[in-house]
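[1] What shape does this take:
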Amino acid sequence: MKLLVLAAVLAVAAAVPQGYGSQPASGYGAPPEQEGSASGQQPSVQTAYSTPDGAASGPEGNVAELPASYNFEYAVQDDESGNNFGQQETRDGDATSGSYYVQMADGRMQIVNYSVEGDSGYVVDIQYEGEANIDAAASGQEGNVATPNQSYGL
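    Okay, here's the model as predicted:
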């Protein structure tokens, strides 16, 4: 796992273009300004589009002024595959809370309840329901796995 994380970090580092944060290299971006041009003057652009009333007008738009507020939930239960999992989350301003659950291979149900409010930090409570059945977890894959044939190239 550590090797995989190290490989991912190296791949991202290698993908960052040289001179990150500096002027674009020649052949990239806007063409260089020609000498003798009317430097400092902006071209005149007219458009038929106008901003609707109440719409955000820039990077500081009015959407950021509204506190975050949402609620979502999903669940999956498929008896054929044994998949049984779901999540529920609610947010109102800086307060977020929710839970998720997953049926584990050993037969237990893992339930995670979490919350965070402002800068208070992430609070989590993990619970397990049922008894772990290691034999059932190990035998659950037998029908899907072929028995290997030993071969020594003879």
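
[2] so is Q87 in a helix, a strand, or just coil?
    strand (DSSP: H, G, I helix; E, B strand; the rest coil).

[3] how about the closest residue to it other than its chain neighbours, phi and psi?
    Leaving out its chain neighbours, the residue that sits closest to Q87 by C-beta to C-beta, 6 or more residues apart in numbering is Y100, at 3.9 Å. For the C-beta atoms, the positions are set from N, CA and C on the backbone; glycine is no exception. Y100 adopts backbone torsions of phi -140, psi 160, taken as degrees, to the nearest 10.

[4] ok, how many other residues are close to Y100?
    Y100 has 16 neighbours, counted by other C-beta atoms under 10 Å.

[5] Bridged to D92, which residues?
    S69, A95 (DSSP bridges).

[6] Enumerate every residue touching the closest residue to F72 other than its chain neighbours.
    Leaving aside its chain neighbours, F72 sits nearest to E89 (5.9 Å; criterion: C-beta to C-beta, 6+ apart). Shown in contact with E89 (C-beta atoms under 8 Å, 6 or more residues apart in numbering): Y70, N71, F72, E73, T96, S97, G98.

[7] Which strand residues bridge the residue nearest to Q87?
    Beta-bridge partners of Y100, as defined by DSSP bridges: Q87, V112.

[8] right, and it touches A75 too?
    No - at 10.0 Å, Y100 does not count as touching A75 under the criterion of C-beta atoms under 8 Å.

[9] tell me the SS of A105?
    coil.

[10] count of neighbours near it?
    15.

[11] And it, how close does it get to V76?
    Distance of A105 to V76, computed by C-beta to C-beta, to the nearest Å: 16 Å.

[12] Now for the chain, the helix or strand with the poorest mean pLDDT.
    helix 2-15 (a mean of 59; mean pLDDT, DSSP states H and E).
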